[in-house]
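K.L.:
3D model of this:
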Amino acid sequence: MKRRSMHLLFGVLALGCAGVAAWQGIRLIEARSLDAEIARVLGGRAPQSASARDTAPASPPLRLAQAVMLAKAGHTAQAATLYDALVAASPDLADPVARAALYDAAGMSLREGSVDGGAVELRSLTMIADAKTRYRTLLRATPDDWDARYNLERALRLAPELQGGPGPADVKHSNDVRLRGAESQDLP
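P.N.:
Here you go, the predicted structure:
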């Protein structure tokens, strides 16, 4: 009886190990398929469409790769929409894909804002301010992200923030004001 129970226990353990190995094999196949689709997207080609993928939305890493390609191609509005959707899917930024999307969106804003030219100065300042906000949000979630710290410092160098607000107005002229029943005075 002892021998029979030991064989039974060994058989159950062997089946359990085989089940775990099969599950890990399926995950490996899915990961390789996702990597191949991401490589296609980053190579500039559209992802392959399968019947299962047509009905379900694309996985977050694939959507991130699509956003990166849109940003590289200059379609920043569409890329920003994808980045914002990925960040909104994980409000506490627990998902590494959401953190990567926030970092990439901030980098895209910083690149757009660092364009030289007086005609786009106001737009540049808003884009840099957006990048600073995104980097600060990312640093609240992951304070040890040195890349985000470096890029926040770059953004602060491009558009420094004033410590105490604007200084007093420098008025160089005076006006002669006449009030009824009073003498005229020079006011700054």
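
K.L.:
from now on I want contacts and neighbour counts done on CA atoms only, so please keep to that.
P.N.:
Fine.

K.L.:
distance check, Y103 against K132.
P.N.:
Separation of Y103 from K132 (CA to CA, to the nearest Å) stands at 11 Å.

K.L.:
where do the contact lists of those two overlap?
P.N.:
By the contact definition CA atoms under 8 Å, 6 or more residues apart in numbering, Y103 and K132 are jointly contacted by no residue.

K.L.:
would you map out the domains in the protein?
P.N.:
Using automatic domain parsing, the domains assigned to the chain come out as 14-48, 58-160.

K.L.:
tell me which residues in stretch 105-115 are buried?
P.N.:
Within stretch 105-115, the residues scored as buried using 16 or more other CA atoms under 10 Å are 105-110, 112-114.

K.L.:
enumerate every residue touching R63.
P.N.:
Here R63 is in contact with 82, 86 (criterion: CA under 8 Å, 6+ apart).

K.L.:
measure it to A88 for me?
P.N.:
Per CA to CA, R63 is found 13 Å from A88.

K.L.:
next: S114.
P.N.:
According to CA to CA, S114 and A88 sit 26 Å apart.

K.L.:
let me have the buried residues of stretch 105-115 in CSV, adding distance to A80 as columns.
P.N.:
Formatted as CSV, the buried residues of stretch 105-115 follow (distance: CA to CA, whole Å):
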residue, distance to A80
A105, 6
A106, 10
G107, 11
M108, 8
S109, 9
L110, 13
E112, 12
G113, 14
S114, 17
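
K.L.:
quick check: which ranges of the protein have low pLDDT?
P.N.:
Segments of the chain classed as low confidence (criterion: pLDDT under 70) are 1, 44-57, 116-120, 122, 163-188.

K.L.:
where do the helices of it begin and end?
P.N.:
Secondary structure of the chain (DSSP state H): helices at 2-42, 51-55, 60-73, 76-89, 96-113, 121-141, 146-158.

K.L.:
ok now stretch 63-72, how far from the chain's centre?
P.N.:
The chain centroid and the centroid of stretch 63-72 are separated by 11 Å, computed with CA atoms, centre = their mean, to the nearest Å.

K.L.:
to clarify, my last question referred to stretch 102-115.
P.N.:
Average the C-alpha atoms of stretch 102-115, do the same for its chain, and the two points are 9 Å apart (CA atoms, centre = their mean).

K.L.:
try stretch 72-83
P.N.:
With CA atoms, centre = their mean as the basis, the mean position of stretch 72-83 lies at 11 Å from the chain mean.

K.L.:
in it, what's buried?
P.N.:
Judged by neighbour count (16+ other CA under 10 Å), stretch 72-83 contains these buried residues: 76, 79-80, 82-83.

K.L.:
now stretch 9-19
P.N.:
Of the residues in stretch 9-19, none is buried under the neighbour-count criterion (16+ other CA under 10 Å).
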